[in-house]
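> after the sequence you'll find the predicted model.
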Amino acid sequence: AVVLLTLSECLPMSGAARAKLHVGLCSNISGLRGVVQTAFQASHLSNNLDLVAEDVSSEDGTLNLNSEGLEIVLADPGKVAPVLDSLTKLRWLQSSWAGVNALS
């Protein structure tokens, strides 16, 4: 339910261009982007939104500091922790694994 409430704000008005859902990915999980894209296409959200899933990892593997405008991030907690405070527009952070010790 939380996802639908957050994403409903992105839905275009009737006849308008399709809205884009931007999701930043920062993870060591091989093939994560493809899995996210496949799951999104199988969901009802794909009827109204276009998914833009992009790797936002920096060269050292942490979240790129130029990504502060991101609203949705799917990341390994240890990769996002160093820059979490700079993500001022972040609305949803999804951990790629269980546990949040790296964020505390």
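Nice, I can see it.

> how near is Thr38 to Lys89?
27 Å (Cβ to Cβ, to the nearest Å). C-beta coordinates here come from the backbone N, C-alpha and C atoms, glycine included.

> cool, and Ala19?
Applying Cβ to Cβ, the value for Ala19 to Lys89 is 16 Å.

> out of the two, which sits in the more crowded spot?
Neighbour totals were compared for Ala19 and Lys89, and Ala19 leads with 15 against 10 (other Cβ atoms under 10 Å).

> in the sheet, who's paired with that one?
On the basis of DSSP bridges, Ala19 takes part in beta bridges with Leu49.

> can you list contacts of stretch 19-37?
Among residues not part of stretch 19-37, those counted as contacts by Cβ atoms under 8 Å, 6 or more residues apart in numbering are 7, 10-12, 40, 45, 48-57, 61-64, 67, 70-76, 79-80, 96.

> which among the residues you listed end up buried?
Neighbour-count burial (16 or more other Cβ atoms under 10 Å) is assigned, among those, to 7, 10-11, 40, 45, 49, 51, 53, 56-57, 62-64, 67, 70-76, 79-80, 96.

> quick one: least confident helix or strand in this structure?
Comparing helices and strands within the chain by mean pLDDT, DSSP states H and E singles out helix 2-8 as the least confident, with a mean of 38.

> what's the spacing between stretch 43-63 and its chain's center?
Its chain's C-alpha centre lies 5 Å from the corresponding centre of stretch 43-63 when counted by Cα atoms, centre = their mean, to the nearest Å.

> over to stretch 94-104?
On the basis of Cα atoms, centre = their mean, stretch 94-104 sits 15 Å off its chain's mean C-alpha point.

> name the element Leu25 belongs to?
Following DSSP states H and E, the helix or strand that holds Leu25 is strand 19-26.

> so which bits of that strand are buried?
Residues of strand 19-26 classed as buried by neighbour count (16+ other Cβ under 10 Å): 21-26.
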